[in-house]
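J.: Predicted structure and sequence below. I'll ask about it afterward.
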Amino acid sequence: MEAVLDPLLPLFERERAAGRALALGVLVHTAGSTYRKPGALILIAGSGDYAGLISGGCLEGDLRAHARAVIESGMARTVSYDMRGGEDLLWGLGLGCEGALQIVLLRAGPENDWQPLTHLAAALAAHRATAIGVVVESTSSELPVGTTALPAAALDAAHGSQAAAFSAQQPALAAAQEALTRAAAAGQSCWVERPSCKIFVLPLSLPPRILVLGAGPDALPVVDLAARLGWKVTLADHRPAYAVAAHFPTAERVMLARPEELPARLALSGFSAAVVMSHHLPSDLTYLRVLAATAIPYVGLLGPAVRRERLLADLGTDAAQLRGRLHAPVGLALGGRTPEAIALGIVAQIHAFVFKAL
């Protein structure tokens, strides 16, 4: 699993701007049926405000009390919940989830430059793969539970004793650095076990980048739904009346460009999916021709099957390069004919494709 940071950012930025410390909770182990899996994050402020979910909202109230103690003392804390069978009744929660969770709460504040949150936020803003490690078990006083492992470059720049402690633990540091590199590249969490400690390594989840070709009114709910999921959406249109950034406030970028200009103006290899929906047949043809020459794994085309067949015929030999990638008509058949219902089907299909691939 990966660490999803986007929902935590507003609370993190608010508290950091005010100079206040927070408690970062990392779900490191689960057993049985649980709402979230290892790698899930929760951020809790001293006021009790929190962002992110570990459970469906059932455990967060209890976690806030632990988080307050972590913020006040600066000492990390491991919190465990077991809701399997009758054990659930001991907590008085009555959840019936039949699962167990182990969460490590650690302090992020001015004394350690709010690490590892600062590093993760910078990587997310740059759309750069990275990973962090958290010491879950330790017999070393120099490497206490909650110590954060950052990539070497970030570690050099980090402040605070927790990050610096790794420099005094060379074997653990070397093993952790190798694991961070592997986890970031593969997008998979892992464990590093050394004689003196056990480290949970989790990669940052980078949101998919989606390219929407055609910025008509029906593109708005597609962009809004994608943005709600934390995705980064770029829109392009050749019509000045449509390619207006103010019409799409949740888009990462809105650009005025002719279809044939896209390869020169965009790094097309960075997109997880593209949706062609300009409602303009000549433009859609050029969009498909451009996309056929890319490796974008998902290409969606709005419109009925008869329109698809006409465009594929006009593409000629280029059509073969879209084989296995083209989804047309685009979207899941969920029912409904409104722009919002169609957008829901499009985003749902992309979500299933992208995250199944991961």
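T.: Yes, it's here.
J.: quick one: low-confidence parts of this structure?
T.: Within the chain, the stretches with pLDDT under 70 are 1-2, 85-97, 155-172, 357-358.
J.: can you list the domains in it?
T.: 6-203, 209-357 (automatic domain parsing).
J.: export these to JSON lines and tack on mean neighbour count?
T.: Yep, even glycine has a C-beta here, placed from its N, CA and C like the rest. Formatted as JSON lines, the domains of the chain follow (neighbours: other Cβ atoms under 10 Å):
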{"stretch": "domain 6-203", "mean neighbour count": "18"}
{"stretch": "domain 209-357", "mean neighbour count": "18"}
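J.: Could you measure from Val254 over to Met277?
T.: 14 Å (Cβ to Cβ, to the nearest Å).
J.: what do you get for Ala305?
T.: Distance from Ala305 to Met277, counting by Cβ to Cβ: 16 Å.
J.: how close does the closest residue in space to Ala348 that isn't next to it in sequence get to Ile346?
T.: Counting by Cβ to Cβ, 6 or more residues apart in numbering, the nearest residue to Ala348 once its immediate chain neighbours are dropped is Leu332, at 5.0 Å. According to Cβ to Cβ, Leu332 stands 8 Å off from Ile346.
J.: repeat for Gly214
T.: Taken as Cβ to Cβ, the span from Gly214 to Ile346 is 12 Å.
J.: can you map out the helices along the stretch 251-358 of the chain?
T.: 262-265, 281-292, 305-315, 339-357 (DSSP state H, counting those that start in this stretch).
J.: Which one of those helices lies nearest to Ala273?
T.: helix 339-357 (4.9 Å; Cβ to Cβ).
J.: Need the contact partners of the closest one.
T.: 208, 210, 217-218, 220-222, 224-226, 229, 272-273, 275, 297-298, 300, 302, 327, 330-336 (Cβ atoms under 8 Å, 6 or more residues apart in numbering).
J.: And stretch 3-21, by the same measure?
T.: By Cβ under 8 Å, 6+ apart, stretch 3-21 touches 22, 26, 39-43, 45-46, 49-52, 71, 107-111, 114, 117-118, 120-121, 124, 132, 202-205, 207, 230.
J.: my read is Ile199 is in a helix, agree?
T.: No - counting by DSSP: H, G, I helix; E, B strand; the rest coil, Ile199 is located in no helix; its state is strand.
J.: what's the spacing between it and Ala176?
T.: 6 Å.
J.: try Val192
T.: 5 Å.
J.: Which secondary structure state is assigned to Asp224?
T.: Secondary structure state of Asp224, per three-state DSSP, is helix.
J.: Contacts only, for it.
T.: 250, 343.
J.: What of Thr286?
T.: Going by Cβ under 8 Å, 6+ apart, the list of residues near Thr286 reads 258-260.
J.: Report the distance from stretch 46-53 to the chain centre.
T.: Here the centre of mass of C-alpha atoms in stretch 46-53, compared against the chain's by Cα atoms, centre = their mean, to the nearest Å, lies 19 Å away.
J.: Can you tell me what sits against that stretch?
T.: Applying Cβ under 8 Å, 6+ apart, the external contacts of stretch 46-53 come out as 4, 7-8, 10-12, 20-22, 25, 35-36, 40-44, 60, 63-64, 67-68, 71-72.
J.: Among the residues you listed, which ones are in helices?
T.: Among the contacts of stretch 46-53, the ones falling in helices (DSSP state H) are 10-12, 60, 63-64, 67-68, 71-72.
J.: Of these, just say which sits nearest to Leu312.
T.: Nearest to Leu312 among the ones in helices among the contacts of stretch 46-53: Pro10, at 44.4 Å, using Cβ to Cβ.
J.: re earlier: Tyr242 is nearest to which of the helices of the stretch 251-358 of the chain?
T.: Of all those, it is helix 281-292 that lies closest to Tyr242, at 11.0 Å by Cβ to Cβ.
J.: Using PDB, write down the CA coordinates of that closest one.
T.: Taking C-alpha atoms only, helix 281-292 is exported to PDB below (Å, rounded to 0.1, in the frame of the first residue of the first chain):
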ATOM      1  CA  LEU A 281     -14.900  15.300 -35.500                       C
ATOM      2  CA  PRO A 282     -11.800  16.700 -37.200                       C
ATOM      3  CA  SER A 283     -10.200  17.600 -33.900                       C
ATOM      4  CA  ASP A 284     -11.000  14.200 -32.400                       C
ATOM      5  CA  LEU A 285      -9.400  12.500 -35.300                       C
ATOM      6  CA  THR A 286      -6.200  14.500 -34.800                       C
ATOM      7  CA  TYR A 287      -6.300  13.900 -31.100                       C
ATOM      8  CA  LEU A 288      -6.500  10.100 -31.700                       C
ATOM      9  CA  ARG A 289      -3.700  10.300 -34.200                       C
ATOM     10  CA  VAL A 290      -1.500  12.100 -31.600                       C
ATOM     11  CA  LEU A 291      -2.500   9.600 -28.800                       C
ATOM     12  CA  ALA A 292      -1.800   6.700 -31.100                       C
END
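J.: That helix to helix 305-315, inter-axis angle?
T.: 70 degrees (axes from the mean of the first three to the mean of the last three Cα atoms, to 10 degrees).
J.: chain center to helix 281-292, what's the gap?
T.: On Cα atoms, centre = their mean, the centre of helix 281-292 falls 30 Å from that of its chain.
J.: Stretch 285-293 too?
T.: On Cα atoms, centre = their mean, the centre of stretch 285-293 falls 29 Å from the chain's centre.
J.: repeat for stretch 315-328
T.: A distance of 30 Å separates the centroid of the chain from that of stretch 315-328, by Cα atoms, centre = their mean.
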